[in-house]
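Q: the following block contains a protein sequence and its predicted model.
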Amino acid sequence: MDQFIKEVGGLMAPTEEEEKAVHPYEHLVKAKVLQDARIFHDSILVREQPRKCSKVLCQILYLQNSPGSTQNSPSSRLSKAEATDLFFASTKLFVCTEDASLRRLVYLFIKEIQPLCDPSDVIIVTSCLTRDMTSSVGLYRANAIRVLVNIIDSAMLGSIERYIKQAIVDNDTQVRNAALVAASHLFLQSNDNATIVRRWVGEVQEVLEIKRSTRRDSRSANNTNEMVQANAMRLLCQMKGHDRLGMAKLLQKYSGLAGSRIQSPLAVVILIRLCGKLLLDEMRTIGHNGGNDAEDVRGASSLSSLCFDFLESSLSHSNKMLSYEAARTICSLPNLGTLNLSRVMECLRDMLFSDKTIVKFAAVRTLSNVSQARAVALCNEGLEQCASDDDTHIATLAVTTLLKTGGEATIDKILGNLSSLLDRIEEEFKISLLQSLEELCLKYPHKHDAIVSILSNLLREEGGFDFKHSIVNCIVSLTRRVPESTERSLLHLCKFIEDCEYSMLSTKTMHIIADIGPTTTAPSRYIRFICNRVILENATIRAAAVAALAKFAACCPSLRQSVLTILRRCLNDEDDETRDRASVAVSVLKEAMALNPYVAPDAEEYYGLTMESPPSEGDLASMIYLQPLPMSFKSLEQSVKAYASTPGAIESADPITFSSLPFVEEMHFDGGLTTEITFASKPNSDVRDPAAAIYALPELADFGRVFRSSIATSLTEEETEYVVRCVKHILDQHVILEFIVRNTVEEIRIQNLTVELEGDSDAFEVIGNVPAGKAECDETVSTFTVLKRRADSYEPTCFACQLNFTAIGIFPDSGEQLGEEYAEEYPLESLAITPSDFMGAMMVPDFRQAWNGADVGNEALGAFTVQAKTLDAVIELLGMTPCDGTGWPPADSSNSKSHTLHLSGMFLGGHVVLARAQLTIRKDGNLLKIAIRSDKKNISEAVMSCIHS
C-alpha cells in the first residue's frame, strides 16, 4: 500500500522499464484508423464484434486528444469532414444494445467529436439519444441525458424537455441525479435555456420531498437519495438566484424540513450558505441606509430573523459538517458583536477538543479569521491545547490565533514555548507566525525585547532567502512603529549582515541601517559593522557598504572625519563600482567639511545632548546623499525614453535637466505605510509610450511634446459592429484625440475613417483630422482629431461624436470586392474633456511640508454632496494620486463613516496641485469637503470644477 501511495503521489521516480515503455497507441496512423472505422457501417459486424468497435473508438479518441505527442503531428487530428463522417457512422453503433462498455464509449465519442461538426448535424444523433432516454436500462438513460445537454442548444431543448422532466422524478436515482446535474448545466448555458429550466420547479421540489427509505438494507440507496436532494437544492437555488423573494420563500419552506424530509447534509449546507448570502445582502442594504450593526440586521425583517434562527439551530446539529458550516457562515458576517458570536464560539470550542484532526483544523482556521478578540477568548483553553498538537498546521494556526487574541498571561506562556514549535514546522509556517509576532508587538509594545530576541534567534538559524527576508522586514517594521525597539533591533541587523549568505539581502539591510542608524543616540556604534563589510565581503557588498558609510557621514557631521579615513582605504579597491563610489564620497565629504567645518560642543553641551546634531542648512553632503530625486528611478527611465522618442530632442543642443524631461505619471496604490524591503523585478521591456503614435506621424509631430495620455475610453459596446475607443493626448495648447477603431464585420471593409465632433462650448476648436486607412475584419486602425484649446481655459466640454467612413462589401473568403463603395455614418457615445484630463498623477515626498509651503491665497474650498461612496471614486474624479498612505482606510476603521484623503498631482504646465479631502458617508447623500492649493488660483478653481462636472 505504501508503494502504491508513493507512485500515485509522484514521489517515486519511474523505473527504467517504465521510461522505455511505449503506449500501445503511440504509433497510430490516422488513415489506418479511419479504414478500420468502416466497420461502423456494417450492423452485423457491430453486433458480432463489439470489442473491435470499442478499440477503434478508443484509437480515434486518442488521436484527437493527443496533440502534444511527438508521434502525432497536427495532421493526425480529425478534419471537419472526417469528424462529420465518423459522427454519422457512430449513430449506427446504437444497434448493439447488449454491450454496455461499447455504448458508454459511444456516448463519450459523441460528446468529444460534436464540437468539430456543424450544429445542424446534431439532429441525427438526438433521435438515437432520445430513444436511449426511454430505455429500460437506467445506465443508458442517465448517460444519454449527460451527452444530450452537451450537444443541444436552446432551440432543441424544447423538443426533449418532457424527457428530462420525467427523468427528474424517475425511480432510478442515477437517472434523477443525471437529470438534475444536466438541468444545472443547461441553466448556465444561456438565458433561453434558463427560462425553460425554470419551468421544471415543480418536479425539482417533488424530488426534494421524497421520503427516505427505512429498510435496513437500503443504506447505499439512502446515500444516493441524499445526493439527489443536494443536486435538487442546488438547482432550486440557481432558479431563484436573482429573485430575492423567491429565495426567501425557498428558505422559509425548507428550513423547517431540514432533518425530517431534507436529510441530505449537502442540501442543508446549501441552505446554510443561502442564509449567509441573504444576510450579507441585508447588511449591505442597512449599511447603505446608515446602519452598521448585526443586531440591526436581525431585527430588520422576518427573513433576517429566520436566517439567524436557522443558522443558530444548525450549530447544535449532530453532523459536525453542518454545525461547522453554520459557524463559518456566521463568522464570515461583518461587524458582528461578541454577543452574536457567543453560541458560535461554544460550538467551535467543542470542536477544538475533537478526536478528529480535520475537525480541529477547521475550527482553528475559522477562529484565526475572527477579528473579535473578546469572542475568541472563550476558546483560549482549546487553542492552548491545539498549540501543542502533533499536526503542525493546527499548531501554527492555534499559536497565531493566540498571539492575536490571547491575554498577557497566555502570550507569555506561548512565547516561552514558541521555540519548540519553531523547531518542528516548515519555513512557510514560520513566515505566517512573523506577522502575528509583529501585531503582538504593536499591541503590547513593552514586550518588544522578547519578540526581537525571538526574531534575532531566527535570523541566526539556517533558513532560505524568503524566510530571512520576512524576518528582516518584520524587524524593520518594528523599528519604525515601536521606537523603543530601534537600537536593539539595529544591533541584531548589524550582527546579521556579518553572517548573511545572501548578497542582495545583505546590501538591502545595510541601506536600512544607514537610513535608521543616524537617527539613534549613538550612530557611531553601527559604523564598525559596516566597516567590516568593506574589508571582508564581495564586491557587491563592499559597494553597498561604501554608500552606507557615505550616508552616515552626510547625516552626522561629527563622524565625517572618521568615515573619510575609512573611505580613503577604498580608493584602491579592485572593484570599479566600489572605487567610484568611494571616490565620489571622498570628494563630496572633503568639500562639505571645507565649507562647513564641524565644531565640537563643549563638555557641558556634549553630555546634555541626546541626539546627533544635524548637518547645517545648505550642506553639500546632505544635499547629495539625503535629498531624494525629483522622481523615482523607474519614472526617470521612462521619462528618458520618452524624451529620446520626441522628434528633435536628441539633436537639440540644450542640456538635459529634470525640468526638461517629459512628465511621467506615477500611479501609487498604497494601503498604508510600506515598511517592507522590496526587490526590483525584471524590468518590463514591453511598456509602450502612448504618445509614440503621435510622434510617428509627420502631420502631428510639429505640435510638440505630449504632456500626458489618458486611459482609453470606450465609445461603443464591445459587441457592436465597429468597436471604438478614444485616447486623449494632452499638449500645451492642443488636445489630440486618437480614436482606435476595430472592424468586427466579416463582409465589410472600411476605409477613410474620420470622427466628426460637435462640442457644447467654445473652449476647443477642431483644426484638423488625420484619417485612418482601411480595416478588414478584426483589424484595428487609428484616426486622429486635433483640437486647439483656448488660452488658459480648462472648461469641461462634452462632444457629440460620429464615425464617418467608406464601406465596401467583400466576400469573406477571398476578400474580393462586392458592389460599389458607399459612405456610412456610425453614431458614437459622447466624449467629455474635463480638467482632470490635464492632471497627471504625481506623489510629493512630504505632503505636510508641501501643503504648508503652498500659497493659501490660491486655495479653493468647497463642500459637495456626491454619489461617490469610495475613496477610489474621489481619486478618479480628480485624476490625482493619494499620499501618506491615505489611499485606503485604516484596517481598524471599519466602523468609521468618514476618512481624510491627501492627494497630489502635476497640472499641465508643471503646476503642482495639492488637495485635502474628507469623505463622510451619510444617509441623505455623501458629503465631500475639499481644499485645493496650487501656484495659480485659476488652476485650483479648474480642479475644483471636476467635482461640479
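A: That came through fine. Numbering: from 1, shown residues only.
Q: flag the shaky bits of the stretch 501-650 of the chain, pLDDT-wise.
A: For the stretch 501-650 of the chain, the stretches flagged by pLDDT under 70 are 601-612, 630-631.
Q: which residues of it fall in helices?
A: Along the stretch 501-650 of the chain, counting by DSSP state H, counting those that start in this stretch, helices occupy 503-516, 524-536, 539-555, 560-569, 576-595, 603-608, 620-625, 633-645.
Q: give me the contact list for the second one.
A: In this case it means helix 524-536. By Cβ atoms under 8 Å, 6 or more residues apart in numbering, the residues outside helix 524-536 that reach it are 490-491, 494-495, 497-498, 506, 510, 513-514, 517, 520, 541-542, 544-546, 548-549, 552, 556, 559, 562-563, 566, 569-570. C-beta coordinates here come from the backbone N, C-alpha and C atoms, glycine included.
Q: now do the helix ranked longest in the chain: distance to the chain's middle.
A: The helix spanning the most residues in the chain, taking DSSP state H as the definition, is helix 265-288. On the basis of Cα atoms, centre = their mean, to the nearest Å, helix 265-288 sits 24 Å off its chain's mean C-alpha point.
Q: so which elements touch it?
A: Helix 265-288 sits against helix 219-239, helix 244-254, helix 294-298, helix 302-314, helix 320-331, with contacts defined as 3 or more Cβ pairs under 8 Å, 6 or more residues apart in numbering; DSSP states H and E.
Q: turn the helices of the stretch 501-650 of the chain into TSV, including distance to T900 and mean neighbour count.
A: Shown next, in TSV, are the helices of the stretch 501-650 of the chain (distance: least, Cβ to Cβ, whole Å; neighbours: other Cβ atoms under 10 Å):
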stretch	distance to T900	mean neighbour count
helix 503-516	27	20
helix 524-536	37	18
helix 539-555	32	24
helix 560-569	41	17
helix 576-595	40	17
helix 603-608	39	8
helix 620-625	32	19
helix 633-645	27	15
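Q: with respect to I932, which of these lies nearest?
A: Between I932 and those, the shortest gap by Cβ to Cβ is with helix 633-645, which sits at 23.7 Å.
Q: that older thread, now distance to A182 too, for the helices of the stretch 501-650 of the chain, in CSV please.
A: CSV is the format used below for those (distance: least, Cβ to Cβ, whole Å):
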stretch, distance to A182
helix 503-516, 56
helix 524-536, 69
helix 539-555, 63
helix 560-569, 78
helix 576-595, 68
helix 603-608, 86
helix 620-625, 71
helix 633-645, 53
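Q: mind checking which of those is nearest W200?
A: Nearest to W200, of those and by Cβ to Cβ, is helix 633-645 at 57.7 Å.
Q: need the residues that contact the longest strand anywhere in the chain.
A: Counting by DSSP state E, the longest strand found in the chain is strand 797-810. Strand 797-810 has contacts (Cβ under 8 Å, 6+ apart) with 715, 722, 724, 726, 739, 741, 747-761, 763-764, 816-819, 821-833.
Q: partner strands of it and their direction?
A: strand 748-759 (antiparallel), strand 817-827 (antiparallel), strand 831-833 (antiparallel) (DSSP bridges).
Q: take those strands and write them to TSV, including mean pLDDT.
A: Shown next, in TSV, are the strands paired with strand 797-810 (pLDDT from 0 to 100):
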stretch	mean pLDDT
strand 748-759	92
strand 817-827	88
strand 831-833	92
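Q: can I get these in CSV with distance to D391 and mean neighbour count?
A: As requested, those are exported to CSV (distance: least, Cβ to Cβ, whole Å; neighbours: other Cβ under 10 Å):
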stretch, distance to D391, mean neighbour count
strand 748-759, 65, 19
strand 817-827, 65, 11
strand 831-833, 59, 19
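Q: which of the ones you listed sits closest to A89?
A: strand 817-827 (38.5 Å).
Q: what sits up against the closest one?
A: 721-722, 747, 749-750, 801-811.
Q: just name the closest of the residues you listed to A592, please.
A: For these, the residue nearest A592 by Cβ to Cβ is C801; the value is 59.7 Å.
Q: neighbours around that closest one, how many?
A: Using other Cβ atoms under 10 Å, C801 has 21 other residues around it.
Q: now do T865
A: Around T865 there are 10 residues (other Cβ under 10 Å).
Q: can I assume it is in contact with N926?
A: Yes: using Cβ atoms under 8 Å, T865 is in contact with N926, at 6.9 Å.
Q: export the helix or strand hosting L86 to CSV, keeping only CA atoms.
A: Using DSSP states H and E, L86 maps to helix 80-90. The C-alpha trace of helix 80-90 is given here as CSV (Å, rounded to 0.1, in the frame of the first residue of the first chain):
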residue,chain,number,x,y,z
LYS,A,80,-14.1,18.7,-40.2
ALA,A,81,-15.2,16.4,-43.0
GLU,A,82,-13.7,13.3,-41.3
ALA,A,83,-15.3,14.2,-38.0
THR,A,84,-18.7,14.6,-39.7
ASP,A,85,-18.4,11.2,-41.4
LEU,A,86,-17.5,9.5,-38.1
PHE,A,87,-20.2,11.4,-36.3
PHE,A,88,-22.8,9.9,-38.6
ALA,A,89,-21.2,6.5,-38.5
SER,A,90,-21.3,6.4,-34.7
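Q: now do that helix: distance to the chain's middle.
A: The answer for helix 80-90 is 44 Å, by Cα atoms, centre = their mean.
Q: in the longest strand of the chain, what's buried?
A: 797, 799, 801, 803-805, 807-808, 810 (16 or more other Cβ atoms under 10 Å).
Q: let's have the residues you listed in TSV, adding distance to T780.
A: Converted to TSV, the buried residues of strand 797-810 look like this (distance: Cβ to Cβ, whole Å):
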residue	distance to T780
T797	27
F799	22
C801	18
L803	14
N804	18
F805	14
A807	17
I808	18
I810	18
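Q: so which of the helices and strands packed on helix 265-288 is the most packed in?
A: helix 320-331 (a mean of 22; mean count of other Cβ atoms under 10 Å).
Q: got the angle between that helix and helix 302-314?
A: Interaxial angle, helix 320-331 versus helix 302-314 (axes from the mean of the first three to the mean of the last three Cα atoms, to 10 degrees): 140 degrees.
Q: what does helix 320-331 rub up against?
A: By Cβ under 8 Å, 6+ apart, the residues outside helix 320-331 that reach it are 265, 268-269, 272-273, 275-276, 311-312, 314-317, 336, 340-341, 344, 347-348, 351, 354, 356, 359, 362-363, 366, 369-370.
Q: from the residues you listed, list just the buried residues.
A: Using 16+ other Cβ under 10 Å, the buried ones in the contacts of helix 320-331 are 265, 268-269, 272, 275-276, 311-312, 314-315, 317, 336, 340-341, 344, 347-348, 351, 359, 362-363, 366, 370.
Q: now L437: closest residue in space that isn't a chain neighbour?
A: Distances taken as Cβ to Cβ, 6 or more residues apart in numbering put I451 closest to L437, at 5.4 Å, once the chain neighbours are dropped.
Q: run through who's touching the host helix or strand of V46.
A: Assigned by DSSP H and E, V46 belongs to helix 43-48. Applying Cβ under 8 Å, 6+ apart, the contact partners of helix 43-48 are 39-40, 52-53, 92-93, 95-96, 98.
Q: quick one: average confidence on the helix or strand following it?
A: In the C-terminal direction, the helix or strand that comes right after helix 43-48 (DSSP H and E) is helix 50-64. Regarding helix 50-64, the rounded mean pLDDT is 87.
Q: can you check stretch 852-871 too?
A: 80.
Q: contacts for that stretch?
A: 873-874, 877, 882, 886-889, 899, 901, 914, 919, 921, 924-937, 939-941, 943-944, 947-948.
Q: mind checking which of those residues land in helices?
A: Per DSSP H, the subset of the contacts of stretch 852-871 in helices is 873-874, 877, 937, 939-941, 943-944, 947-948.
Q: which of those residues are buried, as a ChimeraX select command?
A: The buried subset of the ones in helices among the contacts of stretch 852-871, as determined by 16+ other Cβ under 10 Å, is captured in ChimeraX by this line:
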select :874,877,939,940,941,943,944,947
